[in-house]
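Peer 1: My questions are about this predicted structure, shown below with the sequence.
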There are 2 protein chains.
Amino acid sequence: MQSEGLLRVTGDDGERTDAARNRRLLLDAAAEIVASCGPDKLTTDAVARRAGVGKGTVFRRFGSRAGLLHALADEAGRSFQQAFMAGPPPLGPGAAPLERLVAFGEASIGRMLLDGQILRAAEQRGGPDPEHPTQQLVRLHLAMLLRELDVQDPELASYQLAAFLNAGLLLHLQEHRGMSDARLAASWRVLVVALATAETHS
Amino acid sequence: MQSEGLLRVTGDDGERTDAARNRRLLLDAAAEIVASCGPDKLTTDAVARRAGVGKGTVFRRFGSRAGLLHALADEAGRSFQQAFMAGPPPLGPGAAPLERLVAFGEASIGRMLLDGQILRAAEQRGGPDPEHPTQQLVRLHLAMLLRELDVQDPELASYQLAAFLNAGLLLHLQEHRGMSDARLAASWRVLVVALATAETHS
DNA sequence: TCCTCAAGCGGACCACGGTCCGTTTTATTC
DNA sequence: GAATAAAACGGACCGTGGTCCGCTTGAGGA
């Protein structure tokens, strides 16, 4: 009998060698499929078949289709993570916080062209549709008010604000992060007041 | 033979009477299911069965499960729409723009407790998961920088910023709204600069 | 080297969203 | 009221994500 039932680990990080091998096979197969057909064509069946493993293995290793896409996106984005955590300024440490914030946003935006497809697919099939009539109504309303406040680019700013006023996010913050309505409202107020009082430098 | 093949309309807004009846049956059935079991239990089969219609009818009327949920949420939110478009200040017209913006956010936040469940379900099954490790890393980074800038409630602010730096949204703006990287970056800069320079009133 | 058993595996299976197409209903015209 | 064609209907059907469970593998202990 075996003295310790908990630490059977031998692989890199607690993964059996065949498990590690299959993870790689799956990630490679997924990358190939995405490269040749786009992320939408990546079905769990297809990736399993291509990797030469059973479908169950996909879910054992990655939990879900989204998990697989996430792992893929993480591999691609590892250098980005390195860059903003330990790379050279202005993205990495060394520059002033505001510089770094600006750089971070710019880098994120630029990155989208690169592997945004995968990131979007990982975020979930479909996702909230910004062009749904109801959402448009909200944004139109926000944009109108922002315009009156002389905010720069009110249309885009309305997207930024609407992105926060989102049922999925708000409910998550309330339910899983225990944030009170008061706190959410206060933060919203800070945000819009900041936007409103920002000087409109061209 | 009939002279005009285009205008067969007789119902309220171009809908045949049986179509209108079925729309109501479906909405009512959906509302009942949501009320008794929550939105997650609302399957297209179940709602069709409960309404006593075929499954195809669900899709003919609402296009998708999400469409049905949206219609449901819209019914519930109609009074809210009225309120911010034509109701009394500060939500409706009459108050200063900034007041209205603040009120709008507060109302949206408060509304979530009411029928946020439906709205979230309508937004799409799953949706982006804010607690995914990668997302957490991004938010931690943002929060750290925001803290250095003495922004109020940096944690929550990090959610606000991250909500915008989102592959689905960014890609949508680039692809379907034709917004350039430069424009997105400029708007991002305005946003973070505004937050950074807002005075920290307790 | 063999034994043991947790970890891993595979693919049949299920549930659900969405499509398709032959049939039925509705409104209009005569 | 009969004829007509567009619109709507229904439910069998399909693809895909995700689960389940009996079988296999691999690694440490003896």
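Peer 2: Yep, it's here. Numbering: from 1, shown residues only, chains lettered A, B, ... in the order given.

Peer 1: what pLDDT does the nearest residue to A:A167 once chain neighbours are set aside get?
Peer 2: Take A:A167 and drop its neighbours on the chain: the residue closest to it by C-beta to C-beta, 6 or more residues apart in numbering or on different chains is B:L119, 3.6 Å away. Every residue, glycine included, has its C-beta placed from N, CA and C. Note for B:L119: predicted pLDDT of 87.

Peer 1: Does anything pack onto the helix or strand hosting B:L119? Which helices or strands?
Peer 2: Assigned by DSSP states H and E, B:L119 belongs to helix B:97-123. Packed against helix B:97-123 by the contact rule (3 or more C-beta pairs under 8 Å, 6 or more residues apart in numbering or on different chains; DSSP states H and E) you find helix A:133-148, helix A:167-175, helix A:181-197, helix B:65-86.

Peer 1: of those helices, which approaches DNA strand D most closely?
Peer 2: helix B:65-86 (11.6 Å; C-beta to the nearest atom of the strand).

Peer 1: nearest to B:Y159, of the helices and strands packed on helix B:97-123?
Peer 2: helix A:167-175 (6.6 Å; C-beta to C-beta).

Peer 1: what residues go with each domain of chain A?
Peer 2: A:17-123, A:133-197 (automatic domain parsing).

Peer 1: touching DNA strand D at all, the first one?
Peer 2: Yes - Domain A:17-123 lies in contact with DNA strand D when judged by C-beta under 7 Å from any atom of the strand; the contacting residues are A:17-18, A:42-45, A:55-56, A:59, A:64-66.

Peer 1: Now for A:L161: which residues touch it?
Peer 2: A:L161 makes contacts with A:142, A:146, A:191-192, B:105, as judged by C-beta atoms under 8 Å, 6 or more residues apart in numbering or on different chains.

Peer 1: Please produce CSV containing those, extended by neighbour count and pLDDT.
Peer 2: Conversion of those to CSV gives the following (neighbours: other C-beta atoms under 10 Å in any protein chain shown; pLDDT from 0 to 100):
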residue, neighbour count, pLDDT
A:L142, 26, 94
A:L146, 26, 94
A:L191, 26, 96
A:V192, 24, 94
B:G105, 21, 95
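
Peer 1: I'd assumed B:A182 was in contact with A:L156.
Peer 2: No - A:L156 lies out of contact with B:A182 (C-beta atoms under 8 Å); the separation is 11.6 Å.

Peer 1: Comparing those two, which residue is more hemmed in?
Peer 2: Taking other C-beta atoms under 10 Å in any protein chain shown, A:L156 and B:A182 do not tie; A:L156 has more neighbours (22 against 10).

Peer 1: Excluding chain neighbours, what is closest to that one?
Peer 2: In space, A:L156 is closest to B:S187, 4.3 Å off (C-beta to C-beta, 6+ apart).

Peer 1: how near is that neighbour to B:G168?
Peer 2: 17 Å (C-beta to C-beta, to the nearest Å).

Peer 1: what's the answer for A:L170, then?
Peer 2: On the measure of C-beta to C-beta, A:L170 and B:G168 end up 17 Å apart.

Peer 1: circling back: neighbours of the residue nearest to A:A167, how many?
Peer 2: For B:L119, using other C-beta under 10 Å, the count is 27.

Peer 1: which residues sit in contact with it?
Peer 2: A:167, B:73, B:77, B:112.

Peer 1: Test my guess that A:L184 contacts B:I109.
Peer 2: Yes - taking C-beta under 8 Å as the definition, A:L184 is a contact partner of B:I109 at 4.9 Å.

Peer 1: so what's in contact with those two at the same time?
Peer 2: By C-beta under 8 Å, 6+ apart, A:L184 and B:I109 have these common neighbours: A:L170.

Peer 1: So what does A:G92 have for phi and psi?
Peer 2: With angles defined as degrees, to the nearest 10, A:G92 sits at phi -90, psi -180.

Peer 1: tell me the contacts of it?
Peer 2: A:83-86, A:100.

Peer 1: any idea which of the residues you listed is the one closest to B:V138?
Peer 2: Taking those together and measuring to B:V138 by C-beta to C-beta, the closest member is A:F84, at 8.7 Å.

Peer 1: Look up how far chain B lies from that closest one.
Peer 2: Counting by C-beta to the nearest C-beta, to the nearest Å, the gap from A:F84 to chain B is 6 Å.
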